[in-house]
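Student: Coordinates for the following, if possible.
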Amino acid sequence: MIQKAQRISIKPGANTVRDEALALCVRGVSKSFGGLQALKDIDLDIARGSIHGLIGPNGAGKTTFFNIITGLYTADSGDFKLLGKSYSPAQTHEVARAGIARTFQNIRLFKEMTALENVMVGRHIKTHSGVWAAILKTSSFKREEHATQLQAYALLDYVGIESLAKQRAKTLSYGDQRRLEIARALATDPYLLALDEPAAGMNGTEKKELKVLIEKIRRDNKTVLLIEHDVQLVMGLCDQLTVLDYGTKIAEGSAEQIQKNPLVIQAYLGTKSVRPT
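Tutor: As a prediction, the model looks like this:
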């Protein structure tokens, strides 16, 4: 029987680079699909330990940008740095190893696997045993697999669903599936956690709980990049906001600055400002 892990903090240890102020720095990111310019010369700086929101109307280029920095799309141009070191977002597994993990607007869990197994899948990118060790069930493989299970339990506890560890992912409530996806992303021990519409489909109570969880993740020295259509949520949660419209960056700043920006009001927020919740 697997023993349950003690409660943990997800503060990064040996991976921490203390002399870098920025978690992510991108310059000149452009992307076209045929004749459509999806992104044009986007610059973005995300401070370490911050919650940074990326907002804009539908078709603004937010998801395209997310897909580029996480390796799903290849940029036509652009430079990328994570904690001051250049990285090439060419493959999703390379991006994960570099230290960026993401969730998706449409939940992508292994529905027939248990919650515990889903998180273990995420954690396996940090394991060292090879295929033959797994086939032969070597002692080193067994030790590593046991440690992976304990870590998965701990992460489920961290997001508040450890009691659901043995349930199949498809049986979980919508809000709990969102939490499970975040736990699986955290299992890769990322520097930067990129959340794509995490509040989509949630009711008011679930959104409040999500906000508490994201704030908890930030307190544990993780950096969060957030795409979200719920403007009230991002205004009350994010330290800085970047606004895209038609593939270009039209504004950047605090929630208060963004609410007062006439270009943002025209493009996205409408005529009335939105106060934080």
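Student: and the gap between I250 and Y158?
Tutor: Computed as Cβ to Cβ, to the nearest Å, the I250 to Y158 distance reads 36 Å. (C-beta placed from N, C-alpha, C; glycine too.)
Student: For these two, indicate the residue with more neighbours.
Tutor: Neighbours around I250 and Y158, counted as other Cβ atoms under 10 Å, are more numerous at Y158. The numbers are 22 against 17.
Student: Confirm that the more buried one lies within a strand, as I assumed.
Tutor: No. Counting by DSSP: H, G, I helix; E, B strand; the rest coil, one finds Y158 to be helix, located in no strand.
Student: okay but it is in contact with R184, surely?
Tutor: No. If you go by Cβ atoms under 8 Å, Y158 and R184 don't touch, sitting 11.8 Å apart.
Student: Could you check how far stretch 245-253 is from the centre of its chain?
Tutor: Centre-to-centre, stretch 245-253 and its host chain are 21 Å apart (Cα atoms, centre = their mean, to the nearest Å).
Student: With only the CA atoms kept, save that stretch in CSV.
Tutor: Output in CSV follows, covering the C-alpha atoms of stretch 245-253 (Å, rounded to 0.1, in the frame of the first residue of the first chain):
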residue,chain,number,x,y,z
ASP,A,245,-6.0,43.2,-30.0
TYR,A,246,-5.8,41.9,-33.6
GLY,A,247,-2.4,40.4,-32.9
THR,A,248,-0.7,43.5,-31.5
LYS,A,249,0.0,44.6,-27.9
ILE,A,250,-2.1,47.7,-27.2
ALA,A,251,-1.5,48.2,-23.5
GLU,A,252,0.4,46.9,-20.5
GLY,A,253,0.3,47.8,-16.8
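Student: What's the mean pLDDT across that stretch?
Tutor: For stretch 245-253, mean pLDDT is 93.
Student: repeat for stretch 213-221
Tutor: 94.
Student: okay, that stretch in PDB with CA atoms only?
Tutor: Coordinates of each C-alpha in stretch 213-221 appear next as PDB, following Å, rounded to 0.1, in the frame of the first residue of the first chain:
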ATOM      1  CA  LEU A 213      -5.500  28.400  -5.400                       C
ATOM      2  CA  ILE A 214      -3.700  30.700  -7.900                       C
ATOM      3  CA  GLU A 215      -2.700  33.100  -5.100                       C
ATOM      4  CA  LYS A 216      -1.400  30.200  -3.100                       C
ATOM      5  CA  ILE A 217       0.700  29.000  -6.000                       C
ATOM      6  CA  ARG A 218       2.200  32.500  -6.400                       C
ATOM      7  CA  ARG A 219       3.000  32.700  -2.600                       C
ATOM      8  CA  ASP A 220       5.000  29.600  -3.100                       C
ATOM      9  CA  ASN A 221       7.300  31.500  -5.500                       C
END
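Student: Tell me which residues of it come out buried.
Tutor: L213, I214, I217, R218 (16 or more other Cβ atoms under 10 Å).
Student: Against M120, how distant is the first one?
Tutor: To tie it back to what came earlier, the one meant is L213. L213 sits at a distance of 20 Å from M120 (criterion: Cβ to Cβ).
Student: quick one: the strands in the chain?
Tutor: Under the criterion DSSP state E, the chain contains strands at 22-33, 36-47, 51-55, 77-82, 85-86, 100-102, 192-196, 223-227, 240-245, 248-253.
Student: what is the mean pLDDT for the first one?
Tutor: In other words, strand 22-33. 95.
Student: count of neighbours near the residue lying closest to V29 once chain neighbours are set aside?
Tutor: For V29, ignoring the flanking residues on the chain, the nearest one in space by Cβ to Cβ, 6 or more residues apart in numbering is G78 at 3.6 Å. Per other Cβ under 10 Å, the neighbour tally for G78 reads 20.
Student: try V159
Tutor: Neighbours of V159 under the rule other Cβ under 10 Å: 22.
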